[in-house]
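Undergrad: give me a model of this one.
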Amino acid sequence: MEFRTKVDIPRPTFSIGPNIEMLFVGSCFADSLGKRFQEDKFRAKVNPYGVMYNPVSIMHTVERIMTDDTEFMPETAIFTLGTNHIYRLKETGEIVDNCRKRPQKLFNEEELTIDECVKCLLKAVEILQNRNSNIRIIITVSPIRYAKYGFHGSRLSKATLLLAADMLVKENPACTYFPAYEIMNDELRDYRFYREDMLHPSDQAVEYIWQLFSEAYFSDAARCFINEWRPIKDAIGHKPFNAESEEYKAFWDKTMRKVADLSEKYPNFAL
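TA: Modelled structure (predicted):
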């Protein structure tokens, strides 16, 4: 008997190689996923200007990073959409990415339509493609619920983002959709997969989603690299009882030789 529903993840038309340059922009779920890539030595920039929840803020980040870092050439970008709610500064009409703890009375809260979300995301994709015409963009919708909207309001916000993501993928062939939201809500629907706040995915849930993502998107070379890197990472993280002992010095020298071998095999790898 099956006691849960499995989410189908369509096989993408491209794969992610080892140590490539990547850009993660979006909600705190983008932070969680992006840090996993950094730990496995992908050259990933993760929310370089802070967490960005809505499509306008994601677009602003892409505009800014392409201006600030003219050498940055991501091969894959991952956008994680958190909400369609935006905050507009009353004084100027500007949509802000971060309220910076200023009083809420200074802002008007609005909701982006599906078309407005798609327009902002298409512009972000276009900016990235102007830098690298071969870039691939993976769209996800964050599974994190927003209690401040009420749970019905949170679902309506996610529905807007899901429809926008679907339209984006249909509009631009460089974009694909990864069903993180569906995995969390259909496969991991038990509260044991949430943190104490009952809103954010637990570390176990993030690990599971990461595994499904890597199975779908990683190239054989990326999987081989990770299998070689992780024992070295564990060795580097090992805290010795006596760092001055001959035994530990020999252990460290052996580990550094493995690092040198890995650097020779994978030119983009850097410790």
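Undergrad: C-alpha from now on. contacts and neighbour counts both.
TA: Fine.
Undergrad: can you give me the helices in this protein?
TA: For the chain, the helices identified by DSSP state H occupy 28-39, 55-68, 114-131, 151-171, 180-182, 203-217, 220-236, 246-265, in order along the chain.
Undergrad: and the fifth one, what's buried?
TA: The one in question is helix 180-182. Along helix 180-182, these residues count as buried under the neighbour rule (16 or more other Cα atoms under 10 Å): 180-182.
Undergrad: go on, the first one?
TA: Applying a neighbour-count criterion of 16+ other Cα under 10 Å, one finds 28-37 buried in helix 28-39.
Undergrad: same for that helix, what does it pack against?
TA: strand 21-26, strand 43-46, strand 76-81, helix 203-217 (3 or more Cα pairs under 8 Å, 6 or more residues apart in numbering; DSSP states H and E).
Undergrad: show me what that helix is in contact with.
TA: Outside of helix 28-39, the residues within contact range by Cα atoms under 8 Å, 6 or more residues apart in numbering are 24, 43-47, 51, 78-80, 142-144, 206, 210.
Undergrad: one step back: for the buried residues of helix 180-182, which one is nearest residue 8?
TA: Closest approach to residue 8 among those (Cα to Cα): residue 182, at 9.5 Å.
Undergrad: can you tell me how far the residue nearest the centre of the chain is from residue 130?
TA: A centroid search over the chain (Cα atoms, centre = their mean) returns residue 30, at 3.2 Å, as the residue closest to the centre. With distances taken as Cα to Cα, to the nearest Å, residue 30 is found 23 Å from residue 130.
Undergrad: contact partners of stretch 213-224?
TA: Around stretch 213-224, the neighbours that count as contacts under Cα under 8 Å, 6+ apart are 9-12, 14-19, 178.
Undergrad: mind listing what's buried along it?
TA: Per 16+ other Cα under 10 Å, stretch 213-224 contains these buried residues: 213, 216-219, 222-223.
Undergrad: distance to residue 162 and pLDDT added to the residues you listed, as CSV?
TA: Below are those laid out as CSV (distance: Cα to Cα, whole Å; pLDDT from 0 to 100):
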residue, distance to residue 162, pLDDT
213, 18, 95
216, 20, 96
217, 20, 96
218, 24, 97
219, 27, 97
222, 29, 97
223, 30, 96
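Undergrad: where in this structure is pLDDT low?
TA: Per-residue confidence of the chain (counting by pLDDT under 70) places the weak regions at 1-3.
Undergrad: tell me the domain boundaries of it?
TA: Domain assignment for the chain, taken from automatic domain parsing, gives 21-218, 226-265.
Undergrad: please identify the deepest-packed of those.
TA: A comparison of the domains of the chain by mean neighbour count, using mean count of other Cα atoms under 10 Å, puts domain 21-218 on top with a mean of 18.
Undergrad: what about that domain, how long is it end to end?
TA: From its first residue to its last, domain 21-218 covers 14 Å (Cα to Cα).
Undergrad: all numbers from here: first residue = 101
TA: All right, first residue 101 from here; so that's domain 121-318.
Undergrad: chain center to it: distance?
TA: 7 Å (Cα atoms, centre = their mean, to the nearest Å).
Undergrad: could you do stretch 355-371 as well?
TA: Stretch 355-371 has its C-alpha centroid displaced from the chain centroid by 26 Å (Cα atoms, centre = their mean).
Undergrad: how near is the residue nearest to residue 326 when sequence neighbours are not counted to residue 314?
TA: Counting by Cα to Cα, 6 or more residues apart in numbering, residue 326 lies nearest to residue 140, which is 6.5 Å off, once chain neighbours are set aside. For residue 140, the distance to residue 314 equals 12 Å [Cα to Cα].
Undergrad: likewise for residue 263?
TA: Plainly put, residue 263 is 25 Å away from residue 314 if you go by Cα to Cα.
Undergrad: try residue 179
TA: For residue 179, the distance to residue 314 under the criterion Cα to Cα works out to 16 Å.
Undergrad: could you do residue 336 as well?
TA: In this view, residue 336 and residue 314 are 23 Å apart by Cα to Cα.
Undergrad: and if you look at residue 169?
TA: Taken as Cα to Cα, the span from residue 169 to residue 314 is 28 Å.
Undergrad: ok, now residue 133?
TA: Distance, residue 133 to residue 314, by Cα to Cα: 11 Å.
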